[in-house]
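Okay, here's the prediction I keep looking at, along with the sequence it came from:
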Amino acid sequence: MNAFLAGAPAGVTRRRFVQGLAIGGMAAGLGWRGHAIAQTPLRRAVLDGTQFDLDIGAATVNFTGTPRAATVVNGQLPAPLLRWRQGDTVTLRVRNALRERSSIHWHGIVLPADMDGVPGLSFMGIAPGDSYTYRFTVNQAGTYWYHSHSRFQEQVGLYGPIVIEPRGGERFRAERDYVVLLSDWTDTDPEHIYATLKKHSDYYNLAKPTALDFLRDASASGVHAALAERRMWNRMRMNPSDLSDVSGLVYTYLMNGHPPAANWSGSFARGDKVRLRFINGSSMSFFDVRVPGLKLRVVAHDGQDIEPVSVDEFRLGTAETCDVIVEPDADRAYAIFAQAMDRSGYACGTLTPRAGLVADVPALEPRALLSMRDMMGSTDAMAGMDHASMGGVDHGAMAGMAHAGAMQGATVAPTHARAEFGPGVDMRVDTPRSNLDDPGVGLRDNGRRVLTYADLHSITVPISADTQRTIELHLTGHMERYIWSFNGRKFSDAEPLRLRHGERVRFVLINDTMMTHPIHLHGMWSELEAADGSFQVRKHTIVVQPAQKISYRVSADALGRWAYHCHLLYHMEAGMFREVTVA
Amino acid sequence: MTCCIVLLLAAPYAQAQLHAALEHEDEPRNEQPEPSPPADTTMPAMDHSAMHEDHAAAMTDRAASDHLAPPPPQHAMGAMSAAQMVDVMGMDDNARFGLFTLDRFERVKTQDRYATAWSAEGWLGYDVDKLWFKSEGRYTQGALDDADVQSLWSHAVAPHWDTQLGLRRDVGRGPDRTWAAFGVQGLAPYWFELAVTAYVGQQNRTALRVESSYEVLLTQRLIVQSRFELNAYGKSDPALGIGSGVSDAEFGVRLRYEIRREFAPYVGVEWHRRFGSSADLVRLNSIDSDDERVFDTQIVAGLRLWF
């Protein structure tokens, strides 16, 4: 493994290092995939035990034909799979061979605040040439991941999977067990991407409504309807095609570090149960995942066991994880297909009984546009709206709403913070919807059984049986100015959220934007509630859809300073971040 | 059941409303004591069991929580200055950015001559406060016809609107003029870019400029941009051929192809019209006897670029 080390300590020349990495990004570009189908998946990239040495360094990778600098761990992208055992105390010595400060955050792991790896809150970060030893006892089991919490290092490769074996063995027997880590690679410097978003936030959107679309709609449903459909959006200065800020224009979507052309493969024997541990390790992408021909039996979400539920497809938000069990029963290859939410690209791989078989990759589906419910929320509001402007609204979505019986909660309009009326916030939702059974834009009524949060039920009781107070936060932003915030205040303008040690708090999030935000609280579980307040599922990252109100319980049992933020990397950088202190 | 759910939800939020009305700060107003936390049921109120395979085991008896609170940190982090935080976290939500746009850089064909014209703008600054720069002008037959340069402090005051305050300098044929400028600029509903700027100059001169542009995407890269500009002056300035009142207006349509978003060649047509006393002054001063300087149709071809 030392041959793959970047930087000075190993004394390896850069050239040799690059050649060594041919197994990774370069081989991927050439379509060589011999190593991935090995009987022990990610053989070289699995670290086991209780003592770990992780070296953060620079590497040159080539996913697209252009060599680019990446930030990697032990010379690998993704970083090595760490296998821990529930109950063990693990020690991780992390050395930083970069020329800049670095850090590793163990996403979803409950641990002491100084082990959480957020520079400025947990520790000072790891200075160039320095190292930091993380040591903590692992009391949980399941699929998690780790990533840098410094600047844009996560975007350029510093992320890897964690699998924690339950003390009593896995709940469900599976003959094969694969991590499927999805990510978004870009050849473009993330600093440039961020600056571009600040200048022209629609730069990466290649599906804006055009005049030709208008003509098409007008001939299909009439000029009046086509105009009406656009009137609302244009008056609001909102773009219904704004699903992802950064798209396939600059992203190459990876599955376990393999671009689609390199086709990551996992093997199975007929009749095997195959556990696939999906991790969304991307910086800015949501993936809609399916394995055509197979039912996905979802058994865990965010590492936490749930009552199993069988679906055809699920959407995985940035930073979420989802364990599914599939039972391929035919002697053929199956595609694991993960299309980006904005349909600008996909990651894919193959489950195959024999090396060399390649499954048919499904076509990308057409991109959906945001519907009125993504702007307005509840149906109640829609009933009160001017019907003239509603004439041309996506009727599929309307029909979908009619049978979404649990849509309610808009009885009292939420109060917006004063800062939400400033120049940094471009919309507010007065009638949020609170149902969990909406799979989200692009997945509604697609003919497949799609997982929703309403399907997720923890097998254990919640940590907090009740709550003592409520903190309501609005997810806010301004697309054109590319400002993102909570309650209209960026991190730099906001005071920490202060929780008393031992108190049980209900967080209510209302999404006042048109984007879907994965909200991650460090250090403590987010225990999602249904609209009626009953406990649903324990998670570390909560995806909040546009115009949705969502609530979850937090037991403030972890002393210290913690990060709380949107896990879309550029949203976090732009201010959608708060400190949470527990004292 | 729906009624019950609505009631359950309504009660705490009605409280939140009341509480919020009494608070003046926006942050603390979000927190309110919860008088009657809904009792937790391990059984969700809605019936999902039909969707679950292991339905016998589902949800009726949830296992005990296996969660253990973590030990306290051994090394607590102290407070840091904002600048230190930015440095250590590698996160700066108030960073400075800059944009330079050469919106029009074009060759112009009027009825009997060619000219080169430009319109450029740019900014440097932060989310709320920016230093803006704007310039437009025209170069004909080896000499600067007329041009202006503006430097403005731009301040975001509303979601889509900035106020602008600064200076404008007019140069070219005839005497130079300097103006104090103040205006608003932003994005009007239906995606119209709009800037309205008032100017006050020496000798009690006043002026007003209204600029608007609108883009129609034919495809993701083939874009029609229309623009409109109108100038008005409070008093006439014969040395520059300007009469009081509305002096001139321009309306142009340009079709560009974005080879890259940052780089787009275009062709277009622009109509330029002088009004009232400005038109009279031009007629008076014009060597040519025709009305070319009063109403002109121009063919343009140029480049748009930004970085």
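Received it, and whenever you're ready, just let me know what you need. Numbering: from 1, shown residues only, chains lettered A, B, ... in the order given.

Provide the contact partners of stretch B:144-157 at residue level.
A:423-424, A:481, B:115, B:123, B:125, B:127-139, B:162-173, B:181, B:183, B:185, B:197, B:240 (C-beta atoms under 8 Å, 6 or more residues apart in numbering or on different chains). All C-beta atoms are positioned from the backbone trio N, CA, C, and that covers glycine.

Make a PyMOL selection of the buried ones in those.
Here is the PyMOL command that selects only those of the contacts of stretch B:144-157 that count as buried (16 or more other C-beta atoms under 10 Å in any protein chain shown):
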select buried, (chain A and resi 423+424+481) or (chain B and resi 115+123+125+127+128+130+132+133+134+135+136+137+138+139+162+163+164+166+168+170+172+181+183+185+197+240)
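
Among the contacts of stretch B:144-157, name the ones in strands.
Among the contacts of stretch B:144-157, the residues falling in strands (DSSP state E) are B:115, B:123, B:125, B:129-139, B:162-172, B:181, B:183, B:185, B:197.

measure stretch A:552-569 end to end?
End-to-end distance of stretch A:552-569 (C-alpha to C-alpha, to the nearest Å): 23 Å.

how about that stretch against chain B, any contact?
Yes: Stretch A:552-569 lies within reach of chain B by C-beta under 8 Å from any C-beta of the partner chain, at A:Ser555, A:Asp557, A:Ala558, A:Leu559, A:Gly560, A:Arg561.

Just the buried ones among the residues you listed, please.
The neighbour count (16+ other C-beta under 10 Å) marks A:Ser555, A:Asp557, A:Ala558, A:Leu559, A:Gly560, A:Arg561 as buried among the residues of stretch A:552-569 next to chain B.

Export those as TSV, with columns for pLDDT, distance to A:Leu473 and secondary structure.
TSV is the format used below for those (pLDDT from 0 to 100; distance: C-beta to C-beta, whole Å; DSSP: H, G, I helix; E, B strand; the rest coil):
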residue	pLDDT	distance to A:Leu473	secondary structure
A:Ser555	98	18	strand
A:Asp557	98	20	coil
A:Ala558	98	19	coil
A:Leu559	98	22	coil
A:Gly560	97	20	strand
A:Arg561	97	18	strand
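
Read off the pLDDT value for residue 133.
By default, I'm working from chain A. A:Thr133 is assigned a predicted lDDT (pLDDT) of 98.

You answered for a different chain; I wanted chain B.
98.

residues contacting the nearest residue to it once chain neighbours are set aside?
Spatial nearest neighbour of B:Phe133, chain neighbours left out: B:Gly122 (4.9 Å); criterion: C-beta to C-beta, 6 or more residues apart in numbering or on different chains. Taking C-beta under 8 Å, 6+ apart, we find B:Gly122 in contact with B:Gly98, B:Leu99, B:Phe100, B:Thr101, B:Trp132, B:Phe133.

repeat for B:Tyr190
A:Asn234, A:Arg235, A:Arg237.

Try it again at 6 Å.
A:Asn234 (C-beta atoms under 6 Å, 6 or more residues apart in numbering or on different chains).

That one in helix, strand or coil?
What DSSP: H, G, I helix; E, B strand; the rest coil gives for B:Tyr190 is helix.
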